[in-house]
Structures are given as C-alpha cells and as structure tokens.
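Peer 1: requesting a structural model of the entry that follows:
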Amino acid sequence: MMTNLFSVFDPSSSIFNLSLNWMSTFLGLLLIPSAYWLMPSRWHIFWNSILITLHKEFKTLLGPSGHSGSTFIFVSLFSLILFNNFMGLFPYIFTSTSHLTLTLTLALPLWLCFMLYGWINHTQHMFAHLVPQGTPAVLMPFMVCIETISNIIRPGTLAVRLAANMIAGHLLLTLLGNTGPSLSYAIVSLLLIGQIALLVLESAVAIIQSYVFAVLSTLYSSEVN
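Peer 2: Residues are numbered from 1 along each chain as shown. This is a model prediction of the structure:
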C-alpha cells in the first residue's frame, strides 16, 4: 500500500538488503556489444545517424576553440539520459532519472570541471563573463552578483529540470491509472485513450529533456574557452 503519492519513486526491490532498482541504469551496457557486429542492423544505422547529427551540432556549439573529441562526452551523456528516460516508461522499472541522486551526479561534476578549467586556464575570460558587454558602470556590481548567482545555480537547475519533468509525467500517469477501478466501462475507455496520449507525450519529453540537458552542458562548456 502506498503511504504517499511519491512512494512510487522509492527504491523497493532488494535482495540481501541490496537495492536492485538502480540496475536498470546499467542495462544499456548490454546493447553495446551488438554495435560491434560486422553487419549493422537498421536500428544501428538509424542510431548512428542520430549520433553523427548530434556530434556535428555540439561541435558547432563548442566553436573553433573547443577541444577535439569533447563532443563525445555530451553525445554519451545524451545517450545515457535518453535510455534511462525510456526505461522509466516501462511498467515496474525504476526511473533513475527522476531522482536527484542521478541527475546531480551528472550535472555537478560536469559544471565543477568547467569552472575549475575556466578559472585556472582562462581567468581573465571568466571575469569578463561576469559583466555583460555594454553594462553601465553603476550597474556593474549588481550584474556581477546576478551573474555569479546564475552561474552557481546552473547544476541545480540542470538536475531539477530533468528530475521534475520525469516525475511530473509519471505522477500524472499514476494518478489517472489509480482512478480506473472505480470508473464505468465507458469512462475507462476514454481513460485508456488519455493514458496512451500521455505516454506518447512522455516519450517526447524523454527525448527533449535528454537533448536539453546535453545542449545546456555543451553551452556551459563553450563559455569557459
């Protein structure tokens, strides 16, 4: 029995007091060996075309000053988040991206590495970013405070955006699903149509949120060069 609405997101499956819910995060590793087959399937050709498109886009966002090969970090990040978002849409599978434990683990080290690299190697450039071009001298102290705060909260906004979007859709699906047994057959048929429409919407959200997370991480990294 659920104690509260958010208990559907609590880790519950365990063997010998070891939580197995997070194992769904690593199931994507099982798909990697098949990518090395001699004759790729249509699925692999389709997925490779997506990754190549993302690689070109991230390379454009990073600009000429970006290090070669750095786009693969963000392409891998996109793939990991997308896989876990879709895994959460299946029944009885733990949605790891709806937990700040995972989203903050992805966002915080990335942001910290960008900041350390930027302040150590491009200190003057980082100071220049705190004051936007054309700011009046009177507003400069305030702009420095605002830019500093907006810079500090970046990993939090990245993590909360992803987790909140994943939680919101799943909660709505859970709420509508729990009302099913008490409804008539006619209304249940409408409810099923609504659930399918929500599931399609959640699939779109799963793609969009993984793309947004990867693109914003790329933009944050491009600012430190």
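
Peer 1: what packs against the helix ranked longest in the chain?
Peer 2: Secondary structure of the chain per DSSP state H: the longest helix is helix 185-222. Under the contact criterion of 3 or more CB pairs under 8 Å, 6 or more residues apart in numbering; DSSP states H and E, helix 185-222 touches helix 42-62, helix 71-87, helix 100-121, helix 154-178. (Glycine included, C-beta is placed from N, CA and C.)

Peer 1: and Leu198, how far from Leu192?
Peer 2: 11 Å (CB to CB, to the nearest Å).

Peer 1: what's the answer for Ala204, then?
Peer 2: Distance from Ala204 to Leu192, by CB to CB: 19 Å.

Peer 1: those two: which is more packed in?
Peer 2: Counted by other CB atoms under 10 Å, Ala204 and Leu192 do not tie: Leu192 has more neighbours, with 13 against 10.

Peer 1: follow-up on the earlier one: and the longest helix of the chain, what's buried?
Peer 2: The neighbour-count check on helix 185-222 (16 or more other CB atoms under 10 Å) flags 195, 198, 202, 205-206, 209-210, 212-218, 220-222 as buried.

Peer 1: what angle sits between that helix and helix 42-62?
Peer 2: On the basis of axes from the mean of the first three to the mean of the last three CA atoms, to 10 degrees, helix 185-222 is oriented at 50 degrees to helix 42-62.

Peer 1: hmm, Ile207 is touching Leu82, no?
Peer 2: Yes - counting by CB atoms under 8 Å, Leu82 is a contact partner of Ile207 at 6.4 Å.

Peer 1: out of the helices and strands packed on helix 185-222, which gets nearest to Phe26?
Peer 2: helix 71-87 (9.9 Å; CB to CB).

Peer 1: average pLDDT across the closest one?
Peer 2: On average, the pLDDT along helix 71-87 is 90.

Peer 1: before we move on, what about stretch 206-224?
Peer 2: Average pLDDT, stretch 206-224: 90.

Peer 1: what separates that stretch from the chain centre, distance-wise?
Peer 2: When C-alpha coordinates are averaged (CA atoms, centre = their mean, to the nearest Å), stretch 206-224 and its chain have centres 9 Å apart.

Peer 1: what sits up against that stretch?
Peer 2: 54, 57-58, 61-63, 65-66, 70-71, 74-75, 77-78, 81-82, 85-86, 88-89, 97, 106-107, 110-111, 114-115, 117-118, 122, 125-126, 129, 154, 158, 161-162, 165-166 (CB atoms under 8 Å, 6 or more residues apart in numbering).

Peer 1: check stretch 178-195 too.
Peer 2: Leu173, Leu176, Gly177.

Peer 1: try stretch 60-71
Peer 2: Under CB under 8 Å, 6+ apart, the answer for stretch 60-71 is Leu54, His55, Phe58, Lys59, Val215, Thr218, Leu219, Ser221, Ser222, Asn225.
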